[in-house]
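Peer 1: Okay, here's the prediction I keep looking at, along with the sequence it came from:
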Amino acid sequence: MESIQVSLEFTPNPNTLKFVVSTRLMERGASNFPGADQARGKSPLAEKLFQVAGVAGVMIGSNFVTITKSPQGDWDIVAEQVPKTLEEHLKAGLPVFDPGFNPEATELVSSKPEDQEIEKKIRELLDTEIRPAVAMDGGDITFGKYEDGVVYLSLQGACSSCPSSTATLKMGVETRLKEVIPQIKEVVQY
């Protein structure tokens, strides 16, 4: 039985904490569960975390779990119970995700063949530069679609309701994508 360490990190979002674990939870990306219903049948770990009083959202990343607290939740309870729940689940060797659920599944949503190369560049830039930076703050960013020069992205985890999420999306992500891919006119949250 391997030892599991869990450490707490604060995020820019006052309603979200990041719990870094000493083991790999998934190979790449993140899987966001904004409510207990979305976790059911997909992630036994997320389902257990939703049983902690005050947990309103769970995002599982490569080696971290981001917890969003409900307005009536108590950070003292969440900060004490979440690491215990993570350690117990992982030490027992229980699965993070259900066998039939693929948290890393992605699909091209472009209806225009000429946009697929741009989508490929967007995804590559997201995976190599932007997602790792966003993950440092306990969040994730996922690609929705590219259409008529507009990139549709979704901020998740700590970044979804962070007060500075619009600035992150517009000033950070949009600026970087436009530098590399001149066809991009705008980045919007979907």
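Peer 2: Structure received.

Peer 1: low-scoring pLDDT stretches of the protein, where are they?
Peer 2: 1-2, 104-111, 158-168 (pLDDT under 70).

Peer 1: Residue most distant from the centroid, it?
Peer 2: When each C-alpha in the chain is compared with the mean C-alpha position (C-alpha atoms, centre = their mean), E114 comes out farthest, at 29.0 Å.

Peer 1: So that residue: helix, strand or coil?
Peer 2: Classification of E114 using DSSP: H, G, I helix; E, B strand; the rest coil returns helix.

Peer 1: Please tell me how far it sits from L49.
Peer 2: Shown here: E114 relative to L49, a distance of 43 Å by C-beta to C-beta, to the nearest Å. C-beta: built from backbone N, CA, C; applies to glycine.

Peer 1: And for F19?
Peer 2: 9 Å.

Peer 1: Common neighbours of these two, please.
Peer 2: Contact with both F19 and L49 is made by residues 65, 67, 82, 86, according to C-beta atoms under 8 Å, 6 or more residues apart in numbering.

Peer 1: Mind splitting the protein into its structural domains?
Peer 2: By the assignment in automatic domain parsing, the chain contains the domains 6-91, 113-189.

Peer 1: who's in contact with the residue positioned nearest the centre of the chain?
Peer 2: When C-alpha atoms, centre = their mean is applied to the chain, the residue found nearest the centroid is D140 (3.5 Å). D140 makes contact with 29-30, 32, 59, 61, 131, 134, 155-157, 159 under the criterion C-beta under 8 Å, 6+ apart.

Peer 1: now Q156
Peer 2: Contacts here follow C-beta under 8 Å, 6+ apart; on that basis Q156 touches 30, 32, 59, 139-142.

Peer 1: three-state assignment of V78?
Peer 2: Following three-state DSSP, we place V78 in the helix state.

Peer 1: That one: neighbour count?
Peer 2: Number of residues near V78 (other C-beta atoms under 10 Å) recorded here: 22.

Peer 1: now do the one 4 residues further on
Peer 2: Using other C-beta under 10 Å, V82 has 22 neighbouring residues.

Peer 1: The chain should start at 53 in everything you say after this.
Peer 2: With 53 as the first residue, the last one maps to V134.

Peer 1: And for the strand or helix carrying it, what's in contact with it?
Peer 2: Under the criterion DSSP states H and E, the helix or strand holding V134 is helix 127-143. Taking contacts as C-beta under 8 Å, 6+ apart, the residues outside helix 127-143 that touch it are 53-54, 56, 58, 60, 69, 71, 73, 75, 96-97, 100-101, 103-107, 117, 119, 121, 148.
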